[in-house]
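Asker: The following comprises the amino acid sequence and a computationally predicted model.
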Amino acid sequence: MHRFVLPYVWPILTGVLLAALLLFAFPEHIPNPFNNAPAPAWTPASPLVTASEQASSRPAPEVRQAAPLSRDQGPASYSHAVNQAAPAVVNVYSSRIVERDQHPLMSDPFFQQFFNGDDATTHQRMLSSLGSGVIISHDGYVLTNHHVINGADEIQVALRDGRETLAEVIGTDPESDLAVLRINLEDLPVIEMADSEDVAVGDVALAIGNPFGVGQTVTMGIISATGRSHLGLNAYEDFIQTDAAINPGNSGGALVNPDGALVGINTAIFSRSGGSQGIGFAIPANLAHSILDELVTQGRVIRGWLGIEAQALSRELAASFGLRTPQGVIVAGVVSGGPADKAGLQPGDILLSVDGKTVLDARATMSNIASIEPGTSLPLTIVRSGERIDVTLEVGERPIINDAPASERPSDS
């Protein structure tokens, strides 16, 4: 028996030994079971809640403008910057009451007879959310993120000096993820606002907030990029990117320069785990300032609007429309009764230029149109059935999009 088996054993052992030697010599060919990790997701730095807007007429808050940043020599410590900015960074606690789901057995008449009617109808619980905010003026105006206070029944603000008070919602803007609160306290610390146009890649940046509710925390990094867009976070995007650690609870907090001046409002992170991985985003101070003024004085943000849904034009689509280059955007839809509809625009038109400026990007064009005052006459150039047509329409006011997630908001202009 051994005589017949032996000739087959030696080739098998030789093959196993040879395979082991090859794997030892070339370990990179060993399959890695962890390569199929899920794709990263955009995680806001704080849980989402719902909000209401208040329309009112008030004077614009007086903010303190910071001097231009000197880049001649870097400091050995940033304690001066922290002492300047940190007292104006607050903790924001929001809470709301929600209906608790009733247990399925409670719908059965047999079980209902064992419970008092009042007890059976009481199904409420309290949800709370944690974030940060920045005191902008001595009037008590506080900038934070919309998603921090979204839908809150009560909002409490805690200062670094230990004082706490309830806050009033002045206005929110879901499309930029900003909100303005107001608190009524004396001798408020106020942060200075830098010109965010002066921010440069490589500048040192400090993020101040209340991550995970551990208390006010300062982290340091640099400005990694400016003008970040196409992230799918907000309808209007022009983010400052930083590698200063930003975590849940930092939302609405301050991103400051080495002088302690505000350069941005921390709003979101890019993360696989939900924690900081060195890719954080802040809303530039200049944009936050303009939205602050409109929310305070108008109760809402007024944006220009054409009433079209725009779609990017690829090379293949451009060729199918007879265009040599992928210039312009496709009008994918027209809002009935909107400015574009009244001017005769149709789905399938190619929008080549707006006010004489060539259209290259749908989001950039939407942002440019949003900055135009409603009622303005705006010349457009379109292509329809291979023919160039000049159209003039009257810019309308963009309808308010209430509390819709960024991914569900219409990308119309």
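Answerer: That came through, no problem. Please read these numbers as outputs of a predicted model, since none were measured by experiment.
Asker: low-confidence ranges in the stretch 301-413 of the chain?
Answerer: Within the stretch 301-413 of the chain, the stretches with pLDDT under 70 are 321-322, 324-326, 401-413.
Asker: Tell me where this protein has helices.
Answerer: Under the criterion DSSP state H, helices of the chain are mapped to 2-25, 79-85, 109-112, 117-121, 146-149, 285-298, 315-320, 339-342, 362-370.
Asker: least reliable of the ones you listed going by mean pLDDT?
Answerer: Mean pLDDT is lowest for helix 117-121 out of the helices of the chain, coming in at a mean of 50.
Asker: What ranges in the stretch 1-150 of the chain fall below the confidence cut-off?
Answerer: Across the stretch 1-150 of the chain, the ranges flagged by pLDDT under 70 are 1-11, 13, 16, 18-57, 72, 98-127.
Asker: Show me what M220 is bridged to.
Answerer: On the basis of DSSP bridges, M220 is bridged to L206.
Asker: per-residue confidence for it?
Answerer: 93.
Asker: Could you count how many residues lie near it?
Answerer: 16 (other C-beta atoms under 10 Å). All C-beta atoms are positioned from the backbone trio N, CA, C, and that covers glycine.
Asker: Do I have it right that it meets D203?
Answerer: No: using C-beta atoms under 8 Å, M220 is not in contact with D203; the gap is 11.5 Å.
Asker: mind checking the end-to-end distance for stretch 70-87?
Answerer: 23 Å (C-alpha to C-alpha, to the nearest Å).
Asker: Tell me the buried residues in it?
Answerer: Buried residues in stretch 70-87, counting neighbours by 16 or more other C-beta atoms under 10 Å, are found at 78, 81-82, 84-87.
Asker: Likewise for stretch 376-385?
Answerer: Quick answer for stretch 376-385 (16+ other C-beta under 10 Å): 378, 380-384.
Asker: Equivalent analysis for stretch 330-342, please.
Answerer: Those would be 330-335, 338-341, for stretch 330-342 by 16+ other C-beta under 10 Å.
Asker: Please narrow these to those residing in strands.
Answerer: Residues of these located in strands (DSSP state E): 330-334.
Asker: So which of those residues is the closest to G264?
Answerer: Checking these against G264 by C-beta to C-beta gives A332 as the nearest, at 32.5 Å.
Asker: I figured that closest one hits E309, correct?
Answerer: Yes: A332 is within contact range of E309, at 4.6 Å (criterion: C-beta under 8 Å).
Asker: follow-up on the earlier one: what two of the buried residues of stretch 330-342 are the furthest from one another?
Answerer: Pairwise distances across those peak at 17.9 Å for I330 and P339 (criterion: C-beta to C-beta).
Asker: Quick check: the residue nearest to S137 when sequence neighbours are not counted vs L345, distance?
Answerer: Distances taken as C-beta to C-beta, 6 or more residues apart in numbering put P61 closest to S137, at 3.8 Å, once the chain neighbours are dropped. Distance, P61 to L345, using C-beta to C-beta, to the nearest Å: 39 Å.
Asker: And A244, by the same measure?
Answerer: Distance, A244 to L345, using C-beta to C-beta: 44 Å.
Asker: Same check on A86?
Answerer: Applying C-beta to C-beta, the value for A86 to L345 is 51 Å.
Asker: what's the burial count for A318?
Answerer: For A318, the count of nearby residues is 17 (other C-beta under 10 Å).
Asker: isn't it right up against Q327?
Answerer: Yes: with contact defined as C-beta under 8 Å, A318 reaches Q327; the gap is 7.3 Å.
Asker: which residues touch I330?
Answerer: By C-beta atoms under 8 Å, 6 or more residues apart in numbering, I330 lies in contact with 310-313, 317, 348-351.
Asker: can you check G209 too?
Answerer: By C-beta under 8 Å, 6+ apart, the neighbours of G209 are 89, 131-132, 216-217, 246, 249-254, 266.
Asker: Excluding covalently adjacent residues, which one is nearest to it?
Answerer: Among residues not flanking G209 along the chain, G253 sits closest, at 2.8 Å (C-beta to C-beta, 6+ apart).
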